[in-house]
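**Q** Kindly generate the corresponding structure for this input.
(one chain, ligands or ions: 2)
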Amino acid sequence: MTSTFKIFNIKFPQAIPSLGSSADVALASLYGNFALVLPTKPDDSFCPRIIYTLSTIVHEDPFPAPGQNGQPRFSMKTYSENVGVLEQLEALGILRQTGISYKQGFVDIPVVEVILKENELVYACAAHYEDNGMMDCQLEVIGIKHQRCGKCKQVYYCDQECQKRHWPVHKKDCPIAQRSPTDGLALIENRRRAGFSSFLSNAGFQTLNL
Ligand SMILES: [Zn+2]
Ligand SMILES: [Zn+2]
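**A** Ligands and ions are numbered 1, 2, ... in the order given. All right, here's what the predicted structure looks like:
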């Protein structure tokens, strides 16, 4: 397969065990969530695949609508382990700020827009994602050249086997995803959140009802 996704170097605010103070990463689109991930699976099983989860949930706007040119947008966590990461991603031409932000407690959550093209991102396999969620450090992350639903063009798979396995679930979402990509992704994300509902309710979030 030919990978077209963009790989760029990020300096970590604090060194990460088994990675050090910087690493080559890619921007992953994980069904409405965005993360910096290692482009290939690490040999070391203790090494995290997802370096930083960039997106966070705000009650006012859980899924910001895409920009005018269809560029994805998300609410970005810029505090704690993500300090200094947005500035680097802006300088690298990966993300840009939209000027919209939300107050959450004492922190400001900016809405950012992805500048990279669709084929410069990596994606999660929808079948693996529904199985494991984004908490799984062994998450299958794939480039756009892999299998993609030909009808809605919104979900990605490792191969035909994963696509077939996921079809009983996706056939209900597919017509919705064809009408509105954001709504289609929200259905997948909503199921993931329902699966993590106890985790989320502990964290003070409510599962969306669509
Ligand atoms: Zn898969
Ligand atoms: Zn589809």
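**Q** neighbours around K103, how many?
**A** Neighbours of K103 under the rule other CB atoms under 10 Å: 10. To be clear about C-beta, it is placed using only N, CA and C from the backbone, and glycine gets the same treatment.
**Q** On the strand side of things, show who the nearest residue to it once chain neighbours are set aside bridges to.
**A** Among residues not flanking K103 along the chain, I109 sits closest, at 7.6 Å (CB to CB, 6 or more residues apart in numbering). With DSSP bridges applied, I109 shows beta-bridge pairing to Y102.
**Q** What of G20?
**A** Applying DSSP bridges to G20 gives these bridge partners: I16.
**Q** Ligand 1 versus V37, what's the distance?
**A** Remark: distance between V37 and ligand 1 (CB to the ion, to the nearest Å) = 15 Å.
**Q** what sits against that residue?
**A** With contact set as CB atoms under 8 Å, 6 or more residues apart in numbering, V37 has these partners: 25-28, 49-51, 122, 139, 141.
**Q** count of neighbours near the residue nearest to P17 when sequence neighbours are not counted?
**A** Excluding its sequence neighbours, the residue lying closest to P17 (CB to CB, 6+ apart) is F46, at 7.8 Å. The tally of other residues near F46 (other CB under 10 Å) stands at 8.
**Q** The residue nearest to K103 contacts H59, doesn't it?
**A** No - taking contacts as CB atoms under 8 Å, I109 lies outside contact range of H59: 10.5 Å.
**Q** More neighbours: the two, which one.
**A** I109 (23 against 11).
**Q** For the nearest residue to Q160 once chain neighbours are set aside, grab the count of nearby residues.
**A** Nearest residue to Q160 in three dimensions, chain neighbours excluded: Q147, at 5.9 Å (CB to CB, 6+ apart). Using other CB under 10 Å, Q147 is surrounded by 19 other residues.
**Q** do P42 as well
**A** 15.
**Q** do the longest helix seen in the chain and ligand 1 meet at all?
**A** If you go by DSSP state H, the chain has its longest helix at helix 160-179. Yes - using CB under 5 Å from the ion, we find that helix 160-179 touches ligand 1 at C162.
**Q** re earlier: backbone dihedrals for the residue nearest to Q160, please?
**A** Phi and psi for Q147, reported as degrees, to the nearest 10, are phi -60, psi 140.
**Q** That one and E161 touch, don't they?
**A** No - Q147 lies out of contact with E161 (CB under 8 Å); the separation is 9.0 Å.
**Q** what does stretch 13-25 contact?
**A** Applying CB under 8 Å, 6+ apart, the external contacts of stretch 13-25 come out as 7-12, 36-39, 42, 44, 46-48, 51, 81-85.
**Q** These, buried ones only, as a PyMOL selection?
**A** Here is the PyMOL selection string for the buried members of the contacts of stretch 13-25, based on 16 or more other CB atoms under 10 Å:
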select buried, resi 8+10+12+36+37+38+39+47+51+82+85
